[in-house]
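Student: Fold the following for me, if possible:
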Amino acid sequence: MIVHLNQALAKPAADERLIFIDINAEPDTGGKPAWVERVAQRLERYEAKELPDGVHAYVFVTNMAHHRALDRPGVGSALPFGLGMPDFNRPGWMRLRDTHALKQKHIDAHRIGEIFGKYTQFPATFDGGLPSEAFGESRGRVLIGETYRFGDGNGGEILGTVTAATVREEESQVVIGITDDKGRAHLLAHPLTADELADYRANREAYFGRIQPVGRKITTHREFFDFLMETHAHLPREELLNRLALAPDIETLRSGTDDELRATYCEGMVAVLQASGFKTGDRT
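Tutor: Model prediction:
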């Protein structure tokens, strides 16, 4: 590994370095791979004793050993490491808003790490379409903001623009809010096939063509914080300042960015709910 790392660092680079090294070991069998701890310790020693001053890089050490198990489902694992970057993917205790700030600082590397988690999930269609639309008997999902002709239940039709949509999973039903060409609001519902429901469950947030927060299982305080950040993404700055008006450091907060204000507010909400008995694992 170190030979490959030195060779990569020896190459000229005018911008941030992204280094990918595959260890080509036996396929991982589940749980935390045995090689991860050894690799992390070796990179930490390299960083402390061998890394030239001022040199840093995003290092992604992987084990994509599909060729060693051709008769088994594909598995793979990856360790992102910030070489010369003590604030990227290191263990330790940190405030929620600080972890958010660091994630935004290294957001591209975080997204690469997330992609590795989906590396062995092959798309079901070549064009990115949903399987229910490509192979099933789907009538076609509606997209928020688009205009369609809907049946009115009395043999007629309504020309309307979709303004909202949600799925009632227990009833296998989609509920659609529309506004017709006369400005009148309507609420329509129709059943979903099993394939359509499966596609919705796999793509909850973007199923209707627009990213929107949906209910989810919260298992950690960080996940709850992230959920709050999403649901409060469009809260105006003045409203954030109003809600933080009693904070002891409000004058300092006024000079922060909108994202910093939102992170401070959401962190406070997590603390309040935790103090009131909120348990991770509850559904929001």
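Student: just so I have it, where are all the strands in this protein?
Tutor: 18-22, 57-63, 77-83, 147-151, 157-168, 173-180, 185-191 (DSSP state E).
Student: Throw those strands into CSV and include distance to residue 109 and mean pLDDT, thanks.
Tutor: (Each C-beta comes from the backbone N, C-alpha and C, glycine too.) Formatted as CSV, the strands of the chain follow (distance: least, C-beta to C-beta, whole Å; pLDDT from 0 to 100):
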stretch, distance to residue 109, mean pLDDT
strand 18-22, 8, 96
strand 57-63, 5, 96
strand 77-83, 6, 94
strand 147-151, 41, 91
strand 157-168, 34, 90
strand 173-180, 37, 91
strand 185-191, 43, 88
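Student: so which of the ones you listed gets nearest residue 272?
Tutor: strand 157-168 (27.8 Å; C-beta to C-beta).
Student: quick one: residue 19 and residue 43, what's the gap?
Tutor: Going from residue 19 to residue 43 by C-beta to C-beta, to the nearest Å gives 11 Å.
Student: Reformat the strands of the chain as a markdown table; add distance to residue 273.
Tutor: Output for the strands of the chain, formatted as a markdown table (distance: least, C-beta to C-beta, whole Å):
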| stretch | distance to residue 273 |
| --- | --- |
| strand 18-22 | 38 |
| strand 57-63 | 35 |
| strand 77-83 | 30 |
| strand 147-151 | 40 |
| strand 157-168 | 24 |
| strand 173-180 | 29 |
| strand 185-191 | 32 |
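Student: Kindly reformat the ones you listed as TSV containing distance to residue 211 and mean neighbour count.
Tutor: Converted to TSV, those look like this (distance: least, C-beta to C-beta, whole Å; neighbours: other C-beta atoms under 10 Å):
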stretch	distance to residue 211	mean neighbour count
strand 18-22	27	16
strand 57-63	26	21
strand 77-83	25	20
strand 147-151	20	13
strand 157-168	13	16
strand 173-180	18	17
strand 185-191	23	12
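Student: which one of the ones you listed lies closest to residue 210?
Tutor: strand 157-168 (9.2 Å).
Student: Model confidence at residue 265, what's the number?
Tutor: At residue 265, the predicted lDDT confidence score is 91.
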